[in-house]
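Student: One predicted model, sequence on top.
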Amino acid sequence: MNWMEKELAAMADASLMRSLRASSPVPECPGYTVRGERILLNLSSNDYLGLSQHPAITEVMRESLLSEGVGSGASRLVTGNRAPYGRLEEALSGWQNCEAALVFANGYMANSGVISALVSRGDVVFSDQLNHASIVDGTILSRAELARYRHNDMDHLRFLLNKYRDKRRKLIVTDAVFSMDGDQAPLRELSLLKREYEAMLMVDEAHSGGIYGGRGEGLCHELGVQDEVDVHMGTFSKSFGVYGAYVCGSRTLIRWLINKARPLIYSTALPPALVDGISKSLDLVQTEHWRRERLHEAIKLFRSSLSTAGFDVGAGDSPIVPIIIGDNDTALRFSGALEEEGIAAVAIRPPTVPDGTARIRFSLSAVHSDKELIDAAERIRTVGLQQGVLSL
């Protein structure tokens, strides 16, 4: 195992070492987390709507545990497909206004399973350069050719689509909102290119579901392009505050995935109580509109406060607000200094982001108050001056 020690030492020298740190919620203080003995304002969670500790979800799961038990006991194709799955998938297809839906264990398994089920050798996947790792890995598993286009560059995508126009199957895949930059994909333009080149279009709404659309359906619905999307994927681990993922589309697509998506076929089904909890969260996402409204108010305030402080936070209206630091070690020091100031904000480094773009990735929640965010922005400014990221 000496080679591991050498590689780990090299990672440490490059300020790329990662480690696990225990965190826990603060029930009486939503939007905060405990690390060690310190209570910190949590600006790193993806709990965008503040549902992860919702008492109604907890109660539904408690009741389900009593009737359904703890575990599912098998994969969905054996005996793990409990009744809560059918109820949830019917509700999901209604929410997304599509023919059918399928629940997966998590977003990584959904993306890797769907892509490797749709394409294989002789096919090509057109993937945005900043897509999530699960999309890249799903393409590798599929053995299809990977054609990565420059981030949101539709001219480059058109060039690649023309280059590979004779491939058997063509799949365009994009995040709706990009997880490390918080900007949006040009979904209208992607829809037009999909039609022009007779490709399939898959959109990952992990960081936009619950946030956009009249009932939180996501960015595709917000922009009115949902009917152009062949594969609509999203997660329950962010805005929904629970765990798992879904795929929506045609009945034919869902039948195909049930028979071809290996992560679904060969994995134990989610516990039924968790599936019931997701159903309750879906109800809340659709009906508690104030959460989306509050989140968007928080986003505007925080982005404006950081811009006024002198930071370049980029364009966008998502709850993901990055400050690009550049150097890995500086980003780590910045994150550590923020923790000393009472803020949990993690440094994001390569390979999660491109070399030279290490950053602090802030993410907001509907439970954050104006005062908390204004105070946080002032402390972030202080740390920025201390660390030489900002100048007077």
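Tutor: Happy to help now that I have it. Numbering: from 1, shown residues only.

Student: What number of neighbouring residues does R18 come out with?
Tutor: Per other C-beta atoms under 10 Å, the neighbour tally for R18 reads 8. Any C-beta I mention is one placed from the backbone N, CA and C, and that applies to glycine too.

Student: ugh, wrong one, I meant E341
Tutor: Neighbours of E341 under the rule other C-beta under 10 Å: 18.

Student: Do I have it right that it meets R379?
Tutor: Yes. Between E341 and R379 there is a contact at 4.4 Å, judged by C-beta atoms under 8 Å.

Student: Which positions within stretch 27-40 qualify as buried?
Tutor: With burial defined by 16 or more other C-beta atoms under 10 Å, the residues of stretch 27-40 counted as buried are 30-34, 40.

Student: how far does it stretch from start to finish?
Tutor: 13 Å (C-alpha to C-alpha, to the nearest Å).

Student: Then stretch 195-208?
Tutor: Start-to-end span of stretch 195-208 (C-alpha to C-alpha) is 23 Å.

Student: Could I get the average pLDDT for it?
Tutor: For stretch 195-208, mean pLDDT rounds to 98.

Student: Return the set of buried residues in it.
Tutor: 197, 199-208.

Student: Name the nearest residue to N46, sequence neighbours excluded.
Tutor: Nearest residue to N46, sequence neighbours excluded (C-beta to C-beta, 6 or more residues apart in numbering): K238, at 4.0 Å.

Student: what does S142 give?
Tutor: Per C-beta to C-beta, 6+ apart, closest to S142 is S116, 4.0 Å.

Student: Mind pulling up the pLDDT for the one you found?
Tutor: Looking at S116, its pLDDT stands at 97.

Student: In three-state terms, label it for me.
Tutor: Secondary structure assignment for S116 (DSSP: H, G, I helix; E, B strand; the rest coil): helix.

Student: do the same with the one 4 residues further on
Tutor: Classification of S120 using three-state DSSP returns coil.

Student: contacting residues around it?
Tutor: S120 makes contact with 142-144, according to C-beta atoms under 8 Å, 6 or more residues apart in numbering.

Student: returning to that earlier point: next, the residue nearest to N46: phi, psi?
Tutor: As for K238, its main-chain torsions (degrees, to the nearest 10) stand at phi -120, psi -100.

Student: now it: how far from S52?
Tutor: As judged by C-beta to C-beta, to the nearest Å, K238 and S52 stand 10 Å apart.

Student: Just list what the helix or strand hosting C220 packs against, helices and strands only.
Tutor: For C220, the host element (DSSP states H and E) is helix 219-223. Secondary-structure packing of helix 219-223 (3 or more C-beta pairs under 8 Å, 6 or more residues apart in numbering; DSSP states H and E): helix 187-196.

Student: If you count neighbours, what's buried in the helix it packs on?
Tutor: By neighbour count on 16+ other C-beta under 10 Å, the buried set for helix 187-196 is 187, 190-191, 193-194.

Student: M11 against M17, yeah?
Tutor: Yes. Using C-beta under 8 Å, M11 is in contact with M17, at 5.0 Å.

Student: mind listing which of the buried residues of stretch 27-40 are in helices?
Tutor: Taking DSSP state H, every one of the buried residues of stretch 27-40 sits outside helices.

Student: Let me have these in TSV, extended by pLDDT and distance to I325.
Tutor: Below are the buried residues of stretch 27-40 laid out as TSV (pLDDT from 0 to 100; distance: C-beta to C-beta, whole Å):
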residue	pLDDT	distance to I325
P30	93	28
G31	95	24
Y32	96	24
T33	97	22
V34	96	26
L40	97	20
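
Student: on that earlier part again, could you point out which of the buried residues of stretch 195-208 is nearest to T174?
Tutor: Of all the buried residues of stretch 195-208, T174 sits closest to V203, with 6.0 Å by C-beta to C-beta.

Student: Quick check: that closest one is in a helix.
Tutor: No. V203: not assigned to a helix; according to three-state DSSP it is strand.

Student: Does it touch R188 like I think?
Tutor: No. Contact criterion C-beta under 8 Å: V203 and R188 do not qualify, at 11.9 Å.
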